[in-house]
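> After the sequence you'll find the predicted model.
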Amino acid sequence: MSLDLKALIFDLDGVITDTAEYHYRSWKRLADEEGIPFTREDNEALRGVSRRESLRRMLKGRQIAEATAEAWMTRKNTYYVEMLDLITPADVLEGVTPLLAEARARGLKLGLASASRNAWKVLDRLGMSAAFDVVGDGSSVVNTKPSPDLFIWVAGRLNVSPPQALVFEDAEAGIDAGLTGGFWTVAVGSAPGEKGHVHIATMRDADLTRILAALPR
Ligand code: B16
Ligand code: MG
């Protein structure tokens, strides 16, 4: 792929802010109420995947009726949405604001692609409702990450092709989605392992000039 960069597309949880802690506390509360063992380590496997897939991974093979699954997902989401009131603009991860400003200064378009159906609420709490040209969330496509559909949906609405966009992702499922879709991918943190074109430890290290120089040509 040669580089004709026109857009940056960001994941939300783990890239723009750390809602993973609130997802964990909500799943943990549900798991405790239902007598299902669930640890912080278990929660790492839920990073970036849909609510339904999160429930499936939390259950670790336990079988429940569909009506129960629906009720449990609703309950978990109620706990999660309550916690979103705790989010303030101070929860935007360090490094994000200067990166967005740098991208705007370079004339790049900005997209958000989150598996969460609560993405708009989170953006609102962060004071970032107007920060992106296009926002795709858990309701935008049928197949969420690791399917590339959400990134393709966002890129289409930004009017750029996948090789013209750089995806920032903290989850293995999200990096898989970006790679399958033909996007340049930046892996944030350790969860994606070796996957991704460029790796940064935190968003503080998201220096666009250095990232672009590090992309394979
Ligand atoms: P919801 P992202 C993902 O957000 C979270 O990482 C994942 O833990 C969560 O299960 C998923 O959203 C769905 O969230 O239950 O709010 O619809 O990383 O894609 O921004
Ligand atoms: Mg994420």
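It's in. Ligands and ions are numbered 1, 2, ... in the order given.
> Please identify the buried residues of the biggest helix by length in the chain?
In terms of residue count, the longest helix belonging to the chain (DSSP state H) is helix 66-84. Burial within helix 66-84, assessed by neighbour count using 16 or more other CB atoms under 10 Å, is assigned to 72, 73, 76, 77, 79, 80. Quick note: C-beta positions are derived from backbone N, CA and C, even for glycine.
> what about residue 89, how many residues close to it?
Taking other CB atoms under 10 Å as the criterion, the count of residues near residue 89 is 11.
> Enumerate every residue touching the residue of the chain found nearest ligand 2.
Among the residues of the chain, residue 14 lies closest to ligand 2, at 3.6 Å counting by CB to the ion. Applying CB atoms under 8 Å, 6 or more residues apart in numbering to residue 14 gives the contacts 20, 47, 48, 169, 170, 171, 188, 189, 191.
> 10 Å instead?
For residue 14, the contacting residues are 20, 47-48, 93, 114, 168-171, 174, 188-189, 191, 203, by CB atoms under 10 Å, 6 or more residues apart in numbering.
> circling back to that earlier point, state the pair within the buried residues of helix 66-84 that is farthest apart.
Put simply, by CB to CB the two of the buried residues of helix 66-84 set farthest apart are 72 and 80, 12.4 Å from each other.
> Pull up the overlap in contacts between those two.
Residues touching both residue 72 and residue 80 (CB under 10 Å, 6+ apart) are 27, 30, 51.
> What subset of the residues you listed is buried?
Members of these that pass the buried threshold by neighbour count (16+ other CB under 10 Å) are listed as 27, 30, 51.
> how about CSV for these, with secondary structure added?
Formatted as CSV, these follow (DSSP: H, G, I helix; E, B strand; the rest coil):
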residue, secondary structure
27, helix
30, helix
51, helix
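> which one of these sits closest to ligand 1?
residue 51 (3.6 Å; CB to the nearest ligand atom).
> Stretch 185-200: how far from the chain's middle?
Centre-to-centre, stretch 185-200 and its host chain are 13 Å apart (CA atoms, centre = their mean, to the nearest Å).
> and what of stretch 36-46?
Centroid displacement of stretch 36-46 relative to its chain, using CA atoms, centre = their mean, is 18 Å.
> next one: stretch 18-30
Taking CA atoms, centre = their mean, one finds stretch 18-30 lying 15 Å from the centre of the chain it belongs to.
> Dump the C-alpha coordinates for that stretch into CSV.
C-alpha atoms of stretch 18-30 as CSV (Å, rounded to 0.1, in the frame of the first residue of the first chain):
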residue,chain,number,x,y,z
ASP,A,18,-11.0,4.6,29.1
THR,A,19,-14.5,3.3,29.5
ALA,A,20,-13.2,-0.3,29.8
GLU,A,21,-13.2,0.2,33.6
TYR,A,22,-16.9,1.1,33.6
HIS,A,23,-17.6,-1.9,31.3
TYR,A,24,-15.7,-4.1,33.7
ARG,A,25,-17.6,-2.8,36.8
SER,A,26,-21.0,-3.2,35.1
TRP,A,27,-20.2,-6.8,33.9
LYS,A,28,-18.7,-7.6,37.4
ARG,A,29,-21.9,-6.4,39.2
LEU,A,30,-24.0,-8.5,36.9
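> Right, I'll leave it there.
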